[in-house]
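Peer 1: Predicted model and sequence follow; I will ask about them next.
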Amino acid sequence: MALSHAELLQAVPAALLRTDLPELGKRVEGKVRDIYLRAGERVLITTDRVSAFDRVLGTIPFKGQVLNQLSAWWFEQTSGIVANHMKSIPDPNVTIGAEAAALPVEVIVRGYITGVTSTSLWTLYDQGVDRPYGLDLPPGLSKNDALPEPIITPTTKATGGAHDERLTDEEVVSLGLVEPELWQQVKTAALAIFRKGQEVAAAAGLILVDTKYEFGLIEGQLALIDEVHTPDSSRYWIAETYNSGEPQNYDKEFLRFWFADRGYRGEGPAPTMPAEFVATVAARYIDAFERLTGNSFVPGAIPVAERIRKALL
């Protein structure tokens, strides 16, 4: 990694919280991105905001650039599987995307049975729930075991701060959320993208555990329309720690566990992350980028907002 820990510490106060560029049009602020709507396209600015419990908890310097550039790299790797919304990357934090009609269902693909929450696949399985999320799972699985084949657990697309509502595969069609033929296309594409992700992760000394994909339609064609296989959208384990029996996260879970260890689980005031910890998390995001892509991370200039304005206007 080209950036030293001291340089990461120095960058902490300059992390990009949000942008204010009314010249670009209407802004739709997501949890970690600012989206500006222009005729026929979307300007997606990936910020350094952190959302480990469905709310913004702070900022991690260069996180936005890592997520933006890593997704762009994955779009190129998977373009032979399914189309995507990416038109250009005019800035390290910015993707110009085609206007898309998002499907009302997001797709979670799981390669391992894991989790600690009351609704996690492992918890339900361990409690003996019959066909959790409509899945037929083999008996005798232990926590963190690889599943015989990757499986899909669809969810509704969360809006207005609400949590995703989990669905069964059958409900997606029976409720009329996605037409049967299109839903089959979605599942086929999702599993193929996940297999590609597993291959790349394995070569990087990581395990792609599970991930979430968002699909949409661009001129009637199925396309990926959200970040792909980043430390925010996917769960990664360090392979050598999994083989030792204690898998360590190399994704946003690392951040989530830090808060949980201090008694915070998403409600009330969150503890403030010390600058040293913030720099450590930034280093992990950058290392994940470099491991997966094989490229060195080259940060864009600071201040970020002014740099973005010059690139787009």
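Peer 2: All right, it came through fine.

Peer 1: The protein: helices as residue ranges?
Peer 2: With DSSP state H as the criterion, the chain has helices at 5-11, 63-78, 121-126, 169-174, 180-203, 239-243, 252-261, 275-293, 304-312.

Peer 1: elements contacting the fifth one?
Peer 2: Using 3 or more C-beta pairs under 8 Å, 6 or more residues apart in numbering; DSSP states H and E as the contact definition, the elements that helix 180-203 packs against are helix 63-78, strand 101-112, strand 146-156, helix 169-174, strand 206-218, strand 221-224. Bear in mind the C-beta positions are built from the backbone N, C-alpha and C, glycine included.

Peer 1: Need the helices of the chain in CSV (columns: mean pLDDT and mean neighbour count).
Peer 2: CSV is the format used below for the helices of the chain (pLDDT from 0 to 100; neighbours: other C-beta atoms under 10 Å):
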stretch, mean pLDDT, mean neighbour count
helix 5-11, 94, 16
helix 63-78, 97, 23
helix 121-126, 94, 19
helix 169-174, 93, 16
helix 180-203, 98, 17
helix 239-243, 93, 14
helix 252-261, 91, 18
helix 275-293, 96, 20
helix 304-312, 89, 17
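
Peer 1: F53 is nearest to which of these?
Peer 2: Proximity to F53 (C-beta to C-beta) singles out helix 252-261 among the helices of the chain, at 6.9 Å.

Peer 1: Low-confidence regions, the stretch 1-150 of the chain specifically.
Peer 2: 1 (pLDDT under 70).

Peer 1: Please report how far the spatially most central residue of the chain lies from L3.
Peer 2: For the chain, S233 is the residue whose C-alpha lies nearest the centre (C-alpha atoms, centre = their mean; 1.4 Å). Taking C-beta to C-beta, to the nearest Å as the measure, S233 falls 23 Å from L3.

Peer 1: which strand residues sit across from L224 in the sheet?
Peer 2: On the basis of DSSP bridges, L224 is bridged to N84, F215.

Peer 1: thinking again about what came up before, wait, doesn't the residue nearest to the centre of the chain sit right on D226?
Peer 2: Yes. Between S233 and D226 there is a contact at 7.3 Å, judged by C-beta atoms under 8 Å.

Peer 1: Just list whatever residues bridge to the nearest residue to S88 once chain neighbours are set aside.
Peer 2: Spatially, and ignoring its direct neighbours in sequence, S88 is nearest to I96 (4.7 Å; C-beta to C-beta, 6 or more residues apart in numbering). Applying DSSP bridges to I96 gives these bridge partners: V43, S88.
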